[in-house]
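Asks: The following block contains a protein sequence and its predicted model.
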Amino acid sequence: MGEPVKAPWTARVLTLFPEMFPGVLGVSLAGKALENGIWALDVLDIRDFARDKHRSVDDAPFGGGAGMVMRPDVLDAALEGAREQGGKMAGPTIYLSPRGRLLDQALVREMAAGPGVTLLCGRYEGVDQRVLEAREVAEVSIGDYVLSGGEPAALTLLDAVVRILPGVMGNEASPVEESFERGLLEYPHYTRPADWHGHLVPEVLLSGHHDNIASWRKKQAEQVTRERRPDLWARRSRALDEDA
Ligand code: ADE
């Protein structure tokens, strides 16, 4: 009578370029976690769901304009395929797109807490809007710039989620000290040698005085956040005011 076996956190990826996966997620921290069964990756080739003899997945946009649009019937069949594979444990379906909600650490935590995600990667100009609505697909962007396709965005999203899954970071205790976890950027880090070509490590870090070190780091984190990310700083100040 052992513990019930927990299903791994599962990413289902729909793409025209299955060879891009696991890619960078097959090495280092994420790669080891994949090998150890902490997370699982199912990659579906969208082209396998094309029906015509040319296996076409895209067509010209209604209304004219440049580029091609991915067909709703093919995407619908691919999403159905992913749903059948995932059963009830599929998690939300997300289309990676610059039009989506900006990915942040709060959304990463939310996804990590669920059973997994199904990620739809687009190429060409985009995907037919109707299938996004009919299948209740959420849209997520990794930043205000345009990639040539959703795949690098999917890899980025998965990297951010996988590294915080229980058991992945090993002895690095908890990620609460990191950038964004407390609404602040991180304080600066230093290691040996203490004197590097005359550049010295801040004195307090050599003092062994844990309280002083903690308050120095907090001040540094606050200062760098105020200077570099006034948007984060303002949001944090509002949140602190509400708590008070
Ligand atoms: N696809 C193309 N650009 C993207 C972006 N910035 N975020 C997510 N998916 C994308």
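Replies: Received it, and whenever you're ready, just let me know what you need.
Asks: What is the distance between the top strand by length along the chain and the centre of its chain?
Replies: Counting residues, the longest strand in the chain under DSSP state E turns out to be strand 93-102. Relative to the mean C-alpha coordinate of its chain, strand 93-102 is positioned 11 Å out (Cα atoms, centre = their mean, to the nearest Å).
Asks: Mind pulling the model confidence for Tyr124?
Replies: Predicted confidence (pLDDT) for Tyr124: 80.
Asks: check contacts around it.
Replies: If you count contacts by Cβ atoms under 8 Å, 6 or more residues apart in numbering, Tyr124 has them with 58, 67-70. Bear in mind the C-beta positions are built from the backbone N, C-alpha and C, glycine included.
Asks: How about the most centrally placed residue in the chain: what's its closest non-neighbour residue?
Replies: Per Cα atoms, centre = their mean, the C-alpha nearest to the average position across the chain is that of Leu157, at 1.7 Å. If the residues on either side of it in the chain are set aside, Leu157 comes closest to Leu103, at 6.1 Å by Cβ to Cβ, 6 or more residues apart in numbering.
Asks: And for Trp216?
Replies: The spatial neighbour of Trp216 that comes closest, neighbours along the chain excluded (Cβ to Cβ, 6+ apart), is Val204 at 4.7 Å.
Asks: any idea whether that neighbour is helix, strand or coil?
Replies: Using DSSP: H, G, I helix; E, B strand; the rest coil, the three-state assignment for Val204 comes out as helix.
Asks: how much space between it and Leu79?
Replies: In this view, Val204 and Leu79 are 54 Å apart by Cβ to Cβ, to the nearest Å.
Asks: quick one, which of those two is more surrounded?
Replies: Leu79 (25 against 13; other Cβ atoms under 10 Å).
Asks: ok, the helix or strand following the longest strand of the chain near the ligand or not?
Replies: Moving toward the C-terminus from strand 93-102, the first helix or strand encountered (DSSP states H and E) is helix 105-113. No - judged by Cβ under 6 Å from any ligand atom, helix 105-113 makes no contact with the ligand; its nearest approach is 12.5 Å.
Asks: So for helix 105-113, what gets flagged as buried?
Replies: By neighbour count, with 16 or more other Cβ atoms under 10 Å as the criterion, the buried positions of helix 105-113 are 105, 107-108, 111-112.
Asks: Show the secondary-structure elements that the helix or strand following it is packed against.
Replies: Toward the C-terminal end, the helix or strand that comes next after helix 105-113 (DSSP H and E) is strand 116-120. Judged by 3 or more Cβ pairs under 8 Å, 6 or more residues apart in numbering; DSSP states H and E, strand 116-120 is in contact with strand 9-15, helix 72-86, strand 93-102, helix 151-162.
Asks: Among the ones you listed, show me which one is buried the most.
Replies: Stretch with highest mean neighbour count among these: strand 9-15 (a mean of 24; mean count of other Cβ atoms under 10 Å).
Asks: quick one: average confidence on whatever helix or strand comes next after that one?
Replies: Next helix or strand after strand 9-15 toward the C-terminus (DSSP H and E): helix 28-35. Here helix 28-35 scores 97 as its mean pLDDT.
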